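Undergrad: generate a structure from the sequence data that follows.
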Amino acid sequence: MSVDSTRLTLTERAGLSCGPEVMREALYTQRRSLAGRLAELTPSDWAAPTHCTEWSVHDVVRHIVDVAEYHVAELTGQSGYTRFNGLGSFDPTSTPDLWLQDSAGRSPVQTVEALLRVTEDEYESLGARIEKGDASLERNIAGRETLWSVRSLHVLWDTWLHERDLSRTLRADGPPDVTVQRLAALYGLLFAGGVAALFGDLPQVSFQLVGSPDGVYEISGRQDDVKVTAASASPPDLDGPFEAVMGSLSGRGPSLAEIVGVSNAAVEGLSKLSTTMRPEDPEDT
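TA: Below you'll find the model as predicted:
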């Protein structure tokens with residue numbers, strides 16, 4: 001499912017202006033595409049290093065499966081994925097490594113099968129939440145109150161980032177999915193803006209992401225409800241390469257100030273996200 005970027009917005013409390021179904025379809029497509037590319041890997045590919053220096057390709061993919069399974073558990077009240085019971089809240093500095101212990105003996109084939117299985121569970125669970133018109137607010141890992149479907153966008157963004165971590169090994173898969181890219185850009189800026197707002201530093205800024213589907217994205221809104229608008233007509237205050245900016249916001253690679261070539265209040269505010277996300281010791285890329 002594609003979406004027209006005209007006046008497309010994402011806010012913490014109201015979600016996507018086009019509704020959550022677009023996110024559901026994009027996440028499903030993203031998962032299925034990744035599984036197909038993974039099925040082509042050789043044993044040496046699965047053991048290869050990634051931009052997450054402590055994790056192999058197989059480790060990163062097992063993490064993607066873990067996040068997807070946790071997502072389903074959150075959507076359904078942990079039905080079917082009881083291994084998450086009693087683990088407490090998610091801590092980005094330690095929880096991912098704890099989760100990996102559960103699948104330490106899994107083969108690559110089993111990992112791809114698990115990814116395909118959870119993809120179907122996720123699609124069904126998202127459909128059920130959408131069908132009942134759920135408008136509940138939930139706290140994200142930074143402690144911000146967001147619409148439940150915005151938390152689901154975090155999962156899409158996380159998978160998109162980890163696919164970049166696997167770029168040394170994954171074979172090319174044709175042109176990128178524009179909808180997935182668009183949602184990753186919107187969410188990455190929203191998440192960074194939300195963390196900035198926690199410190200009282202919500203930037204009101206237009207950001208040109210070179211190579212992204214919509215060019216300029218505008219961050220605005222309130223301290224308690226950040227908003228990002230795609231394809232903004234506002235002149236950009238900041239600009240940088242799309243993937244480099246997204247990586248930097250999550251703690252990967254050079255600092256945001258280095259990427260955009262300026263250090264000001266907006267850059268400092270958006271950079272605060274990188275201190276809340278552990279990038280698994282990524283290399284600068």
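Undergrad: quick check: residue 81 vs residue 98, distance?
TA: 15 Å (CB to CB, to the nearest Å). Where C-beta positions appear, they are placed from N, C-alpha and C, glycine not excepted.
Undergrad: for residue 179, which non-adjacent residue is closest in space?
TA: Using CB to CB, 6 or more residues apart in numbering and skipping the chain neighbours, the partner closest in space to residue 179 is residue 26 (4.8 Å).
Undergrad: ok, the one you found - how many residues close by?
TA: For residue 26, the neighbour count with other CB atoms under 10 Å is 24.
Undergrad: tell me who's in contact with it.
TA: Contact analysis of residue 26 by CB atoms under 8 Å, 6 or more residues apart in numbering lists 1, 156, 177, 179, 180, 183.
Undergrad: which helix is the longest one in this structure?
TA: Secondary structure assigned by DSSP state H gives helix 108-131 as the longest helix of the chain.
Undergrad: how about that helix: buried residues?
TA: Neighbour counts over helix 108-131 (16 or more other CB atoms under 10 Å) mark 108, 111-112, 114-116, 118-119, 121-123, 125-126, 129-130 as buried.
Undergrad: now swap in stretch 132-140 and tell me
TA: Quick answer for stretch 132-140 (16+ other CB under 10 Å): residue 140.
Undergrad: same question, stretch 197-217
TA: Using 16+ other CB under 10 Å as the burial criterion, the residues of stretch 197-217 that qualify are 197-198, 201-203, 205-209, 212-217.
Undergrad: excluding sequence neighbours, find me the nearest residue to residue 17.
TA: residue 9 (4.5 Å).
Undergrad: repeat that for residue 262.
TA: Leaving aside its chain neighbours, residue 262 sits nearest to residue 238 (7.1 Å; criterion: CB to CB, 6+ apart).
Undergrad: which residues touch the one you found?
TA: Residue 238 neighbours (CB under 8 Å, 6+ apart): 205, 206, 207, 208, 260, 262, 266, 267.
Undergrad: before we move on, what about residue 173?
TA: Residue 173 touches 33, 36, 37, counting by CB under 8 Å, 6+ apart.
Undergrad: which of these are buried?
TA: Buried residues within these, defined by neighbour count using 16+ other CB under 10 Å: 33, 37.
Undergrad: ok, so of the contacts of residue 173, who is nearest residue 221?
TA: residue 33 (31.9 Å; CB to CB).
Undergrad: pretty sure the closest one contacts residue 176?
TA: No. Counting by CB atoms under 8 Å, residue 33 does not reach residue 176; the two are 9.9 Å apart.
Undergrad: strands of the stretch 51-200 of the chain, residue ranges please.
TA: With DSSP state E, counting those that start in this stretch as the criterion, the stretch 51-200 of the chain has strands at 137-139, 145-147.
Undergrad: got the buried residues for the last one?
TA: Translated: strand 145-147. Neighbour-count burial for strand 145-147, counted by 16+ other CB under 10 Å, picks out 146, 147.
Undergrad: name the residues that touch it?
TA: So strand 145-147 is contacted by 12, 13, 14, 15, 135, 136, 137, 138, 139, 140, 194, 224 (CB under 8 Å, 6+ apart).
Undergrad: paired strands for it, with orientation please.
TA: Using DSSP bridges, strand 145-147 pairs in its sheet with strand 137-139 (antiparallel).
Undergrad: average pLDDT for the partner strand?
TA: Strand 137-139 shows a mean pLDDT of 92.
Undergrad: run the chain-centre distance for it.
TA: Distance, stretch centre to chain centre, for strand 137-139: 17 Å (CA atoms, centre = their mean, to the nearest Å).
Undergrad: just the CA coordinates of stretch 223-230, formatted as PDB?
TA: C-alpha atoms of stretch 223-230 as PDB (Å, rounded to 0.1, in the frame of the first residue of the first chain):
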ATOM      1  CA  GLN A 223       6.000  19.700  24.400                       C
ATOM      2  CA  ASP A 224       3.400  16.900  25.100                       C
ATOM      3  CA  ASP A 225       2.600  16.100  21.400                       C
ATOM      4  CA  VAL A 226       5.300  16.400  18.800                       C
ATOM      5  CA  LYS A 227       4.300  16.600  15.200                       C
ATOM      6  CA  VAL A 228       6.300  15.800  12.000                       C
ATOM      7  CA  THR A 229       5.000  16.900   8.500                       C
ATOM      8  CA  ALA A 230       6.300  15.200   5.300                       C
END
